[in-house]
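Participant: Structure for this input, please:
(2 chains)
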Amino acid sequence: MDNSEEIYKAKLERLETTTAVKEPDRVPIAINTTYFPAKYAGISYHEMFYNNKKYIEAMAKFARDFNWDAYNSLRSFETVPLGLALAGYDPDLAIGAAVSSVLAGGMAHDILHDVYSSNPGREVGENVESQFVIDTPVMNANEYDDLIKQPFEYLMKTVIPRAYKNLANLDSPTGVGTLLKMGQEIAKFPAFFTEFIGRMKQEAWLPWYLALTPNPLDFIGAWLRDFDTLTLDLYRMPDKVKAACKTLAPVLAAVGKLTGKISQDTTGSRRVFCPTWYNTYLSPEQYREFHLPYIKIIVNELVEAGFTPLLCFQGRMDHLLDTLKEFPEKKVILWFDKTDLSKVKEVVGDKYCIAGGVLSSLLISGTPNLIKKHIKETIDKYKSNGGYIVTTEFNGMGDAKLENVKAMTEAVMEYGKY
Amino acid sequence: MSLEEISKAITNLEEEKVLKLVKEKLDSHEDPIKILDACRRGMAKIGSESGEGGTVFLTDLIMAGEIFKEAMEILMPKLVGSTTKSLGKVIIGTVEGDIHNIGKDIAINFLKAEGFEVIDLGVNVPAQKFIDAIKENNPPVVGMSGLLTLSIEPMKKTIEAISNANLRGKVKVIIGGERTDQNVCDYVGADAWVNDVNKGVKIIKNWMEVES
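Facilitator: Sure thing, here's the model as predicted:
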């Protein structure tokens, strides 16, 4: 892309200005989508996960042709516990292990045989989206005290052998061989990452996010227990759940800062993706007791260190809107999918940058005219004097129609100007 | 101690109390069907307080479902041979490509508690499996669940396949999940959409002409 550096700088500034709830030149469009760029580039979802050359080219083609202000196509998350277990031993190695599934594709899944991911062309069809659902809990209800007292040791000795089938016996050829294979792959990662960033910069690409950290409750639910068993724990052993969250919060804040630094150094983006999942399911009292306090620890630490938490409230926040103002003003991005954005705006006013407004279901079932009309109305409603980013929900637009995605992009360029 | 205490303890999510009361009632030779009905009333009450603007949330529904399941485990051996009237059959499954069970399982627990016979097809269910289950069980209602956006196209394909098998006229289709809305319902060709169990149970009861 010609003038890629200039375009990149304009995107960076547009997003920074919008985040600070000041008026940029245009409403930015920033989206997370792994599967739509694969379809657009004519490669299978399996190739998107397992062929890193095709992955980079698919992303580069998409970045060039659509030229969104920010976008990313991250893949999976199955190595997060392995990275965390190593955090007390060697932070750099820990980050290498943790991001090896996020950025380097399906290789870690194949080597480790984890209980988390179902990948395209493996457990699900070649063109079916990867899903992250824990098979069976890798932490038992009676093990909270171990997690609370010695988190790293507990993760390494108890969780890792259960979470990764090929690490079940570390004194076996499979166990040692698996670690060696992971080491070989992690060693290749810096070269891949340099190639990836270099190629994407040619297309004036800015990531919506490259850095990330989960919050304690969602980490326990997604990686240690499972959705249902953690839900029951909230009623059966609430104090233990809270104590575990308290133990994990500073560790996960450190993960956010470490990955945030990599993102800032390589792409200029200070955003750190902080997804929240349980919010949809919890009562307001439970959210205030089990979820929010620990999210706030992470958010405040990230803000203090100069990063921008990108709080992705998945599902619904309609029953929790009054809590939004507890985050630092003009320092975070509040990203919603099904939550009623007009009610969010009523609560947060011009003190917070909000992102959302386009449901993937509309991009799948709508028409270009309908999309343009919707984008115009949404922008008119929320752009005010800055602080609004057009986006869809997290990684939801795999089945969107090409003409609808084009219409959305054109509409933002046309109606988004200040 | 009245049977209503069991209903109330379920509504209040008092797990230990419910199980203790169920055991005590059985020990005092209470009719197990009456105990079952008391559990069902508790589930119906908590279910009716969920949904938009409600005071009961999804975590509460999951806990209630767990308590009901545990109570059933105690009651089932005593219910063998008893006949409880089924309100009708419902087939339910998470459509092909989606492996999430959260919404589906909440729906199943509450439909069972209401007295429906529920046939659970599991997750990642291909269209053909829905068709085979419809042919085998002849249910008036088919439920399709999906947590992720990727479930929209498979819902559409499954409903088309049911039509192609000349079965669409025999069943009402209800879709459920976080990504469903009226647009999606129209797009996939379903009869109704829901993302709360309270509404879902009401719609199905209405279709089957069961009094709420």
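Participant: which helices and strands does the top helix by length along chain B pack with?
Facilitator: Longest helix in chain B by number of residues (criterion: DSSP state H): helix B:58-79. With contacts defined as 3 or more CB pairs under 8 Å, 6 or more residues apart in numbering or on different chains; DSSP states H and E, the packing partners of helix B:58-79 are helix A:227-236, helix B:3-11, helix B:15-27, helix B:32-48, helix B:102-114. Placement of C-beta: from N, CA and C, glycine included.
Participant: Let me know which of those is the nearest to B:Met76.
Facilitator: Of all the helices and strands packed on helix B:58-79, helix B:32-48 sits nearest to B:Met76, with 8.9 Å by CB to CB.
Participant: Wondering if the closest one reaches chain A at all.
Facilitator: No: with CB under 8 Å from any CB of the partner chain as the criterion, chain A is not reached by helix B:32-48; the gap is at least 12.5 Å.
Participant: now that helix, how far from the centre of its chain.
Facilitator: 14 Å (CA atoms, centre = their mean, to the nearest Å).
Participant: Which residues belonging to it are considered buried?
Facilitator: B:32, B:35-48 (16 or more other CB atoms under 10 Å in any protein chain shown).
Participant: nearest to A:Leu224, of those?
Facilitator: B:Ile46 (27.9 Å).
Participant: sorry, back to before: tell me which of the helices and strands packed on helix B:58-79 is the most buried.
Facilitator: helix B:102-114 (a mean of 23; mean count of other CB atoms under 10 Å in any protein chain shown).
Participant: Lowest-scoring secondary structure element of chain A by mean pLDDT?
Facilitator: helix A:91-102 (a mean of 84; mean pLDDT, DSSP states H and E).
Participant: what separates that helix from the chain centre, distance-wise?
Facilitator: 15 Å.
Participant: For A:Thr280, which of the helices and strands packed on helix B:58-79 is the nearest?
Facilitator: Nearest to A:Thr280 among those is helix B:102-114 (10.0 Å), distances taken as CB to CB.
Participant: ok, and what's touching the closest one?
Facilitator: With CB atoms under 8 Å, 6 or more residues apart in numbering or on different chains as the test, helix B:102-114 has contacts from A:227-228, B:39-40, B:43-44, B:47, B:58, B:61-62, B:64-65, B:68-69, B:87, B:90, B:92-94, B:118, B:120, B:123, B:143, B:145, B:147, B:176-178, B:195, B:197, B:200-201, B:204-205.
Participant: What angle do helix B:102-114 and the helix or strand following the longest helix of chain B make with each other?
Facilitator: Next in sequence after helix B:58-79, counting helices and strands by DSSP states H and E, comes strand B:89-94. On the basis of axes from the mean of the first three to the mean of the last three CA atoms, to 10 degrees, strand B:89-94 is oriented at 160 degrees to helix B:102-114.
Participant: Check which helices and strands strand B:89-94 is in contact with.
Facilitator: helix B:102-114, strand B:117-120, helix B:127-137, strand B:141-145.
Participant: could you dump these to TSV with mean pLDDT?
Facilitator: Formatted as TSV, the helices and strands packed on strand B:89-94 follow (pLDDT from 0 to 100):
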stretch	mean pLDDT
helix B:102-114	92
strand B:117-120	96
helix B:127-137	97
strand B:141-145	97
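Participant: count of neighbours near residue 55?
Facilitator: Chain wasn't specified; assuming chain A. 25 (other CB atoms under 10 Å in any protein chain shown).
Participant: Can you look at chain B instead?
Facilitator: For B:Thr55, using other CB under 10 Å, the count is 9.
Participant: Same check on A:Glu329?
Facilitator: Count around A:Glu329 with other CB under 10 Å applied: 14.
Participant: measure the residue with the largest distance to the centre of chain B to chain A for me?
Facilitator: Each residue of chain B has a distance to the centre, and by CA atoms, centre = their mean the biggest one is for B:Ser28: 30.7 Å. Distance, B:Ser28 to chain A, using CB to the nearest CB, to the nearest Å: 28 Å.
Participant: Could you report the pLDDT at that residue?
Facilitator: Listed pLDDT for B:Ser28 reads 95.
Participant: for it, what are its contacts?
Facilitator: Counting by CB under 8 Å, 6+ apart, B:Ser28 has no contacts.
Participant: Output the below-cut-off pLDDT ranges for chain B.
Facilitator: B:1, B:211-212 (pLDDT under 70).
Participant: tell me which parts of it are close to chain A?
Facilitator: So far as CB under 8 Å from any CB goes, chain B lies against chain A at B:13, B:15, B:56-60, B:62-63, B:66, B:97-100, B:102, B:105, B:124, B:148-150, B:152-153, B:178-181, B:183-184, B:186-187.
Participant: Good, wrapping up.
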